[in-house]
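[1] only the shape, not the letters, is given here:
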C-alpha cells in the first residue's frame, strides 16, 4: 500500500515525527502510552506490511515482555507489596506498572523510528537541513541508511564468495573462520571506498557552498498548510494538557494521577488524532480512490 502521508512536504513529515517521538518518550500516562503504541503499530504495518507485523510480533512483543518483567526484579520501590522473592526482596505493584510503562515507551519509540526511516528518506532530510547544516545533514542521512545498505552489500559479497566455495557455511571450522575474515575485509574495503567516492562526488557538485543552488521536487502547497496547521493545533492542546498535569502520572512511592475530566478527555482525543494523522490521511485517500474508481 502506498503511504499518502509520505507524499506531503518533508517539513510536515519531520515535524510530525519530532513531536510524536518527543511525546512518546516523556509521557508515561497509561492512556497516552496505549494510544501511541497502538498508533505506531498500525502505521508501521501500513508502511511495511507483513514485514512490520513479523518484526512487531517476533521482536517487539518479546522485548516488551522481557523489559516489563525485568524491572520489578531489580526495582523494589513502592508501598503496595504483592509478595516477596526467595532472597527477601519485595515485588510491588508500583514497580510492575512502572516496568510495563517503561517497556511500552521503549517499544513505542522503536516502532516510531521504524516508521521514520520509511517516511523520512535521505533526500528529505538533506532538503530540510542541507542549507543550514550541510555537512551534518549529509552525515546523518548516511548514518540512517547505513544498516540496510550495508546488509544488502554483505549479502552480495556472501553470494559471490559462495559461488567460489569461500562462504562461511562451507569447509571446515578453520576454513569458515578464514572465509568470514575475508568477507569482513572485502566489506571494510568497500565501505571505505564508498565513503571516499561519496565525499568526492558531493565535493565536485559544490555541496555546502554558500551560493550553491539545488533542484527540489518538494513544494509546500495548500494541503501541507492544512495538515501542518492541524498538527500544530493538536500539539498545542496536548502541551496545555501537560502543563495542567493531565498527561502525567506518579508511580513512586504510590500511584497517583489526575482524575479524568472533560478537559483530560479532550487531551486524550487530541493525542489520539495527533498520533493517527498518517493513518487517517491514508484512509481518506483510499476512500477517495475507491470513489473515483466507482465513477469510472
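    Done, it's in. For clarity, every value in this text was computed on a predicted model and none was experimentally measured. Residues are numbered from 1 along each chain as shown.
[2] give me phi/psi at residue 249?
    Recorded main-chain torsions at residue 249 are phi -150, psi 140, according to degrees, to the nearest 10.
[3] doesn't residue 31 make contact with it?
    No - here residue 249 lies out of contact with residue 31, judged by CB atoms under 8 Å, at a distance of 9.4 Å. Glycine gets a C-beta too; all of them are placed from N, C-alpha and C.
[4] any low-confidence regions in this protein?
    1, 130-147, 207-216 (pLDDT under 70).
[5] which stretches in it count as helices?
    For the chain, the helices defined by DSSP state H cover 10-26, 30-48, 50-55, 61-74, 93-119, 122-129, 134-144, 146-163, 173-204, 222-243, 262-275, 277-295.
[6] buried ones in the third one?
    Within helix 50-55, the residues that qualify as buried are 52, 55, counting by 16 or more other CB atoms under 10 Å.
[7] packing partners of that helix?
    Counting by 3 or more CB pairs under 8 Å, 6 or more residues apart in numbering; DSSP states H and E, the packing neighbours recorded for helix 50-55 are helix 30-48.
[8] show me what the helix it packs on is packed up against.
    If you count contacts as 3+ CB pairs under 8 Å, 6+ apart, helix 30-48 packs onto helix 10-26, helix 50-55, helix 93-119, helix 262-275, helix 277-295.
[9] so of those helices, which one's packed in deepest?
    Sort the helices and strands packed on helix 30-48 by mean neighbour count, taking mean count of other CB atoms under 10 Å, and helix 93-119 sits at the top with a mean of 20.
[10] now it against helix 262-275, angle please.
    Interaxial angle of helix 93-119 relative to helix 262-275 (axes from the mean of the first three to the mean of the last three CA atoms, to 10 degrees): 40 degrees.
[11] middle-most residue in the protein, spatially?
    Nearest residue to the geometric centre of the chain (CA atoms, centre = their mean): residue 113, 1.0 Å.
[12] was I right about that one contacting residue 21?
    Yes - applying CB under 8 Å, one finds residue 113 in contact with residue 21, separated by 7.4 Å.
[13] can you list the residues that contact stretch 174-188?
    Contact with stretch 174-188 is made by 150, 153-154, 157-158, 161, 166-171, as judged by CB atoms under 8 Å, 6 or more residues apart in numbering.
[14] which one of the residues you listed sits closest to residue 276?
    Nearest to residue 276 among the contacts of stretch 174-188 is residue 150, at 33.5 Å by CB to CB.
[15] the closest one: how many residues sit nearby?
    As a burial measure, residue 150 scores 14 neighbours (other CB atoms under 10 Å).
[16] now swap in residue 256 and tell me
    Residue 256 has 10 neighbouring residues, counting by other CB under 10 Å.
[17] likewise for residue 171?
    Counted with other CB under 10 Å, the neighbours of residue 171 add up to 14.
[18] try the one 3 residues further on
    A count of neighbours around residue 174, defined by other CB under 10 Å, yields 8.
[19] are any of the contacts of stretch 174-188 buried, and which?
    Among those, those classed as buried by 16+ other CB under 10 Å are 157-158, 161, 166-168.
[20] turn the contacts of stretch 174-188 into CSV, including distance to residue 178.
    Output for the contacts of stretch 174-188, formatted as CSV (distance: CB to CB, whole Å):
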residue, distance to residue 178
150, 22
153, 20
154, 17
157, 15
158, 14
161, 11
166, 8
167, 11
168, 10
169, 13
170, 11
171, 8
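[21] of those residues, which pair is most distant in space?
    So for the contacts of stretch 174-188, where distance means CB to CB, the most widely separated pair is 150 and 171, at 24.8 Å.
[22] ok, residue 220 touching residue 15?
    No - the pair residue 220 / residue 15 is not scored as a contact, 12.0 Å apart, by CB under 8 Å.
[23] coming back round to it: which residues touch the residue nearest to the centre of the chain?
    By CB under 8 Å, 6+ apart, residue 113 lies in contact with residue 21.
[24] i'd like the first residue to be 285 from this point on
    That works, and once the first residue is 285, the last one we named lands at residue 397.
[25] how near is it to residue 308?
    Distance check for residue 397 against residue 308: by CB to CB, to the nearest Å, it reads 10 Å.
[26] quick one on the thing from earlier: between the helices and strands packed on helix 314-332, which one is closest to residue 486.
    For the helices and strands packed on helix 314-332, proximity to residue 486 was assessed by CB to CB; helix 294-310 is nearest, at 19.2 Å.
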